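Visitor: Okay, predicted coordinates and the sequence, questions at the end:
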Amino acid sequence: MLTTKEICDLIDGKLEGNPKLEIFSINKIENAKEGSITFIANDKYKKFFAKTSATAIITNNSYQHIQNGHDYALIKVDNVYSALSKLLKYIEQDDIEQKGISEFSYVSTDANIEDNVSIGAFSYISSNCSIGKNTLISTHVFLGKDVKIGNNVKIYPGVKIYNRCEVGNNCIIHANTVIGSDGFGYKPNDKGEFIKIPQVGKVILEDKVEIGANTVIDRATFGETIIHKGVKLDNLIQIAHNVEIGENSVIAALTGIAGSTTLGKSIVAGGQVGFNGHIKIADGNQFQAQTGVLSSIKTKNGRYQGSPGIEYYNHMKSSVVFKSLPDLQKRITELEKQIEILTKYIDNE
């Protein structure tokens with residue numbers, strides 16, 4: 001719970017109204033109830049001003065207090081979205097904050113734990129791990145031998161990080177993600193049996209990487225699987241062994257990247273995109289949802305859709321033709337019949 005004055009101070013706003021009103025939740029203005037704080041950053045939502053039950057509203061400095069028969073406070077700021085982001089960050093920290101190392105966790109005696117690290121109950125920190133300053137390890141987290149975790153990292157419940165993998169500074173790893181599981185490497189023998197190829201590499205996450213829940217990143221067969229600085233990965237993504245993803249790329253849920261594929265910088269991939277193995281994608285390319293990328297792309301900043309993926313606007317044109325195929329087939333059949341009749345007529349002349 002926060003008061004309107006506490007929120008105002010937190011987001012550097014100007015308060016109009018009662019500074020002692022109590023806030024318990026945040027919601028959209030059309031759904032906000034008493035005890036909620038909401039916001040307006042777009043004029044099309046002004047219509048909800050008159051009927052909202054919100055206890056407090058964050059607005060731009062230009063908005064005026066509107067009487068609606070409900071006691072609410074107005075918190076005016078220079079930039080609503082910036083203020084909202086600050087408030088949400090505070091709420092997030094409050095939700096997950098834990099202090100110190102739980103007595104119910106296990107930390108190896110030779111692990112290197114720096115200042116202000118929190119480790120939740122039933123987490124396991126293996127031999128020779130290192131964990132940087134101000135890092136949060138939540139409950140039921142496993143860190144294997146020789147794992148390195150940087151500063152200001154948040155690792156949520158159930159995350160598993162296998163031996164020798166490395167996580168940079170300011171990273172976020174959400175619940176039940178697995179980093180460093182074996183790559184999918186097998187070779188058939190003379191009997192047709194698939195023999196496992198040992199996977200002895202590791203995974204490296206550089207700084208400011210965020211990974212959603214239930215995502216899996218395989219360790220390299222040898223060498224590294226690398227997720228470069230600033231990459232954002234959604235939930236339920238599969239990244240195979242020896243993949244490399246370039247800086248500031250964003251990839252949506254259910255995408256799969258096969259082994260030894262390299263994505264350039266600032267790649268954007270929608271949901272359910274599939275990348276073939278052993279290909280290279282140039283910087284800045286974008287892939288619409290469910291695109292199948294079968295071969296390397298050498299040109300930068302393209303847009304692709306379809307499976308196999310083709311240039312976006314060509315795909316849109318092709319879709320128009322594809323939807324018309326039944327009618328086109330019918331017309332061709334009718335034309336063939338007419339040609340057949342004309343041919344018979346000519347032959348009889």
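Guide: Received the coordinates, thanks.

Visitor: Where does the prediction get shaky in the stretch 101-250 of the chain?
Guide: For the stretch 101-250 of the chain, no stretch has pLDDT under 70.

Visitor: Skipping adjacent residues, who's closest to Y312 in space?
Guide: Nearest residue to Y312, sequence neighbours excluded (C-beta to C-beta, 6 or more residues apart in numbering): R303, at 3.8 Å. Yep, even glycine has a C-beta here, placed from its N, CA and C like the rest.

Visitor: before we move on, what about P188?
Guide: F194 (5.6 Å).

Visitor: Next: I40.
Guide: Nearest one to I40, counting by C-beta to C-beta, 6+ apart, is T59 at 5.1 Å.

Visitor: which SSE is the one you found in?
Guide: strand 56-60 (DSSP states H and E).

Visitor: Can you name the element that comes right after that strand?
Guide: strand 73-77.

Visitor: tell me which residues in that following strand are buried?
Guide: 73-77 (16 or more other C-beta atoms under 10 Å).

Visitor: who touches N60 in this structure?
Guide: The contact partners of N60, taken as C-beta atoms under 8 Å, 6 or more residues apart in numbering, are 40-41, 76-80.

Visitor: try 6 Å
Guide: Residues counted as contacts of N60 (C-beta atoms under 6 Å, 6 or more residues apart in numbering) are V80.

Visitor: Nearest residue to the residue nearest to the spatial centre of the chain in space, ignoring adjacent ones along the chain?
Guide: Centroid check for the chain by C-alpha atoms, centre = their mean gives D234 as the closest residue, at 2.6 Å. Distances taken as C-beta to C-beta, 6+ apart place A253 nearest to D234, at 4.2 Å, with adjacent residues excluded.

Visitor: could you redo the buried residues of strand 73-77 as TSV and give each row pLDDT?
Guide: Listed next are those as TSV, based on pLDDT from 0 to 100:
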residue	pLDDT
A73	91
L74	92
I75	95
K76	94
V77	95
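
Visitor: Work out the sheet partners of the strand holding T59 and label each with its direction, please.
Guide: The strands beside strand 56-60 in its sheet (DSSP bridges) come out as strand 36-39 (parallel), strand 73-77 (parallel).

Visitor: Check what contacts the last one and list those residues.
Guide: Spelled out, it's strand 73-77. 4, 8, 11, 13-18, 21, 56-59, 61, 65, 83.
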